[in-house]
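A.B. asks: need a structure here:
(one chain, ligands or ions: 1)
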Amino acid sequence: MAVVPTEPVSIVIFGGSGDLSKRKLVPALYELHLEGHLAPATLIVAYARTGESDETYRAEMKAAVAEFARIKPLDEEKWAAFESRLFFFRGDLTVPKHLADLKTRIETLEKERNAPGNRLFYLAIPPSAISPVVKNLGDAGFVYPVDGGPWSRLIVEKPFGRDLKSAQTLNEEISQVFRERQTFRIDHYLGKETTQNILVFRLGNGIFEPLWNGRYVDHVQITVAESIGVEGRGRFYEEAGILRDIIQNHVLQLLCLVAMEPPVAFEPNAVRDEKVKVLKAVRPQTPAEILMDTVRGQYGPGAVDGKPVPGYRSEMNVHPMSLRETYAAWKVHVENWRWAGVPFYLRAGKRMAKRVTEIAITFKTPPIAMFRRAGVTQQAPNVLVLRIQPDEGIFLTFGAKVPGAVSKIDPVTMDFRYSQYFGGSQPEAYERLLLDAIHGNSTLFARRDEVEAAWELVTPLLETWRENPPSDHPNYEAGTWGPEAAVALMARDGRRWRRP
Ligand SMILES: NC(=O)c1ccc[n+]([C@@H]2O[C@H](COP(=O)([O-])OP(=O)(O)OC[C@H]3O[C@@H](n4cnc5c(N)ncnc54)[C@H](OP(=O)(O)O)[C@@H]3O)[C@@H](O)[C@H]2O)c1
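C.D. replies: Numbers count the residues shown, from 1 in each chain. Predicted coordinates for the structure are as follows:
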């Protein structure tokens, strides 16, 4: 199918010299360019305090794209065409004059290209810098009114706030300058092909949705496990912890997609209305319940892939007696008609045995042990696994008779793997999300009430944990599946965590 380029837009990356820009944003824009999505007059202007000129920035990004882009090797001719859209502007976000100068530069570049003046601002900057830059953008006259004429949109990275109050304040500050439909709160998990496939799988097929409820489902496990540690982000982790870093956004987003009702249309507000309803249906927990239904962990030294790795407390910029969590598990009840009585077990961890993100839906076992007289007293439940990463795919386990005279049932797996079926590399999440933002489609971005509803759930955990500091950290060895207490959380319910 022929690609129709987007409207011309000036993409302004605040934080253009940072890690995210190098590893994700510029490579994603390069891919979009290669695939013909960007209109000829589309510009990319990177903004930061450190950097010299367009030429040095282009050279730096060329190396980054060669390393991080999905499509390899770098094609010199195509790169030359791409870099003619790429500019660097040195300035400080907190200095209004610099933003006014940036505006003049962009206007000149747009005039040269006969571009209409649409602007997409990407905030790839530390969270503390968001409020001042949004205000300064407004004051510098960068933001157009929403109706008619050229448009301006804002993409804000996670973390979006650090608790309910700060998220509300941030939303309020942004809303002084950008309207909700101009605001795109990014959670890159939503841009992953496999995450998008959750709804396609559920709602684009006739046979699964009738089973997708408490009548047939025993419980759901959502796992976001990383084998890496904090990778030089010790300072950030000391402030954040995994509850804020992964559970509040990625894990709750996955919960919403699994648990939500079918939207009336696949359209931004209809989808997000249903997601918010899931968050609103999660049963609030008292501090005593929180302490019962959550587990915190922190990794000690251990080994990952056979190599020794240090404990969290020995990571750079981490306090030697830190109590910050690098693992969290949480039993959640979605109290609505569909899910009453079905627990959702959420967990995320760093330095786990394996890198894997998956949703596992465990179905109820048959009402009677039909084959007990033949010696089969226990049958493994059917499990449907939606694997988000790596080895993206969908797996369904069921019992099959082992051939032979002896009656034996073994669990076997039917599997679908993206790589085998569709081949090639999947588009990166940032490609899809940048493209959607340029098109003005916010379906895969979090709405204000959605972010606040997620914080409303997580904030009581943060408070209860703060008031009840852990006494056992570090409590799991790097390279394992987390603390014993998490095993006990499941065992209490007669269940076990999966070992993906
Ligand atoms: N890296 C990732 O993979 C990743 C993933 C998800 C979310 N995020 C989020 O994305 C944001 C950026 O992350 P990052 O890892 O790219 O951080 P980073 O490497 O520390 O980059 C921060 C950027 O902000 C710029 N900046 C900071 N203060 C500034 C100021 N006063 N004026 C102008 N520029 C300023 C820095 O440039 P100068 O110092 O040169 O000015 C740099 O370009 C953060 O909110 C992070 O949580 C990152």
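A.B. asks: now the residue nearest the centre of the chain, what's its secondary structure?
C.D. replies: With distances taken as C-alpha atoms, centre = their mean, residue 189 lies nearest the centre of the chain, 3.0 Å away. Secondary structure, DSSP: H, G, I helix; E, B strand; the rest coil: residue 189 is helix.
A.B. asks: what's the burial count for the residue nearest to it when sequence neighbours are not counted?
C.D. replies: Distance criterion C-beta to C-beta, 6 or more residues apart in numbering; nearest residue to residue 189, sequence neighbours excluded, is residue 250 at 4.5 Å. C-betas here are computed from N, CA, C, even on glycine. Residue 250 has 22 neighbours, counted by other C-beta atoms under 10 Å.
A.B. asks: just to check, residue 250 is in contact with residue 224?
C.D. replies: Yes - between residue 250 and residue 224 there is a contact under C-beta atoms under 8 Å: 5.8 Å.
A.B. asks: what's the overlap in contacts for the two?
C.D. replies: 348, 357 (C-beta atoms under 8 Å, 6 or more residues apart in numbering).
A.B. asks: can you give me phi and psi for the closest residue to the ligand within the chain?
C.D. replies: Closest contact between the chain and the ligand, by C-beta to the nearest ligand atom, is at residue 18 (2.2 Å). Note on residue 18: backbone dihedrals following degrees, to the nearest 10 are phi -80, psi 180.
A.B. asks: nearest residue to it other than its sequence neighbours?
C.D. replies: That would be residue 124: by C-beta to C-beta, 6+ apart, it lies 5.5 Å from residue 18.
A.B. asks: distance check, the one you found against residue 87.
C.D. replies: Relative to residue 87, residue 124 is positioned 16 Å away (C-beta to C-beta, to the nearest Å).
A.B. asks: I'd like the next helix or strand past the helix or strand containing residue 410.
C.D. replies: Secondary structure from DSSP states H and E places residue 410 in strand 409-417. Going down the chain from strand 409-417, the next helix or strand is helix 418-422, by DSSP H and E.
A.B. asks: now that following helix: mean pLDDT?
C.D. replies: Helix 418-422 comes out with an average pLDDT of 87.
A.B. asks: cool, stretch 476-491 as well?
C.D. replies: Mean predicted confidence for stretch 476-491 is 97.
A.B. asks: may I have that stretch exported as CSV, CA atoms only?
C.D. replies: Listed in CSV are the C-alpha atoms of stretch 476-491, where the atom choice follows Å, rounded to 0.1, in the frame of the first residue of the first chain:
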residue,chain,number,x,y,z
TYR,A,476,16.2,-11.3,46.4
GLU,A,477,19.3,-12.3,44.6
ALA,A,478,19.9,-10.7,41.2
GLY,A,479,19.1,-13.2,38.5
THR,A,480,16.2,-14.8,40.3
TRP,A,481,12.4,-14.4,40.1
GLY,A,482,12.1,-12.0,43.1
PRO,A,483,11.5,-12.3,46.8
GLU,A,484,10.1,-15.3,48.7
ALA,A,485,7.3,-13.1,50.0
ALA,A,486,6.0,-12.8,46.4
VAL,A,487,5.8,-16.6,46.2
ALA,A,488,4.0,-16.6,49.5
LEU,A,489,1.5,-14.0,48.2
MET,A,490,0.4,-16.4,45.5
ALA,A,491,0.7,-19.6,47.6
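A.B. asks: hmm, who's touching it?
C.D. replies: So stretch 476-491 is contacted by 225, 227, 229, 293, 295-305, 309-311, 327, 329, 331, 345, 347, 349, 351-353, 472, 475, 496-497, 499 (C-beta under 8 Å, 6+ apart).
A.B. asks: equivalent analysis for stretch 312-324, please.
C.D. replies: Against stretch 312-324 from outside (C-beta under 8 Å, 6+ apart): 229-230, 232, 234-235, 237-238, 241, 298-301, 326, 350-351, 469-470, 473-474.
A.B. asks: drop anything exposed from those.
C.D. replies: Neighbour-count burial within these applies to 229-230, 234, 237-238, 241, 298-301, 326, 350-351, 470, 473-474; the criterion is 16 or more other C-beta atoms under 10 Å.
A.B. asks: out of the residues you listed, which comes closest to residue 450?
C.D. replies: The closest of the buried ones among the contacts of stretch 312-324 to residue 450 turns out to be residue 241 (C-beta to C-beta; 21.3 Å).
A.B. asks: who in the stretch 51-200 of the chain is up against the ligand?
C.D. replies: The interface of the stretch 51-200 of the chain toward the ligand, taken as C-beta under 6 Å from any ligand atom, is made up of 92-94, 124-127, 129, 157-159.
A.B. asks: run a quick neighbour tally on residue 307.
C.D. replies: 8.
A.B. asks: then residue 483?
C.D. replies: For residue 483, the neighbour count with other C-beta under 10 Å is 25.
A.B. asks: tell me the secondary structure for the residue lying closest to residue 90 once chain neighbours are set aside?
C.D. replies: Closest residue to residue 90 apart from its sequence neighbours, by C-beta to C-beta, 6+ apart: residue 51 at 5.5 Å. Classification of residue 51 using three-state DSSP returns coil.
A.B. asks: verify the contact between residue 51 and residue 18 for me.
C.D. replies: No - the criterion here is C-beta under 8 Å, and residue 51 misses it with residue 18 at 10.9 Å.
A.B. asks: now the helix or strand harbouring residue 101: buried residues?
C.D. replies: Per DSSP H and E, residue 101 falls inside helix 96-113. In terms of neighbour count (16+ other C-beta under 10 Å), helix 96-113 has its buried residues at 98-99, 102-103, 106, 109-110, 113.
A.B. asks: thinking again about what came up before, and the pLDDT at the residue nearest to residue 90?
C.D. replies: Reported pLDDT for residue 51: 91.
A.B. asks: residues touching it, list them.
C.D. replies: 16-17, 57, 60, 88, 90.
A.B. asks: do residue 348 as well
C.D. replies: 223-225, 242, 246-247, 250-251, 327-328.
A.B. asks: most widely separated two among the residues you listed?
C.D. replies: Taking C-beta to C-beta, the two most distant members of the contacts of residue 348 are 250 and 327; they sit 14.7 Å apart.
A.B. asks: give me the contacts around the worst-scoring helix or strand of the chain on mean pLDDT.
C.D. replies: Of the helices and strands making up the chain, the lowest-confidence element is helix 418-422, at a mean of 87, by mean pLDDT, DSSP states H and E. Here helix 418-422 makes contact (C-beta under 8 Å, 6+ apart) with 193-194, 391-393, 426.
A.B. asks: repeat that with 7 Å
C.D. replies: 392-393, 426 (C-beta atoms under 7 Å, 6 or more residues apart in numbering).
A.B. asks: strand partners (parallel or antiparallel) of the helix or strand residue 308 falls within?
C.D. replies: For residue 308, the element it lies in under DSSP H and E is strand 307-309. Under the criterion DSSP bridges, strand 307-309 sits next to strand 302-304 (antiparallel) in its sheet.
A.B. asks: what is the mean pLDDT for the strand it pairs with?
C.D. replies: Here the average pLDDT along strand 302-304 is 95.
A.B. asks: can you list the buried residues in that strand?
C.D. replies: So strand 302-304, judged by 16+ other C-beta under 10 Å, has buried residues 302, 304.
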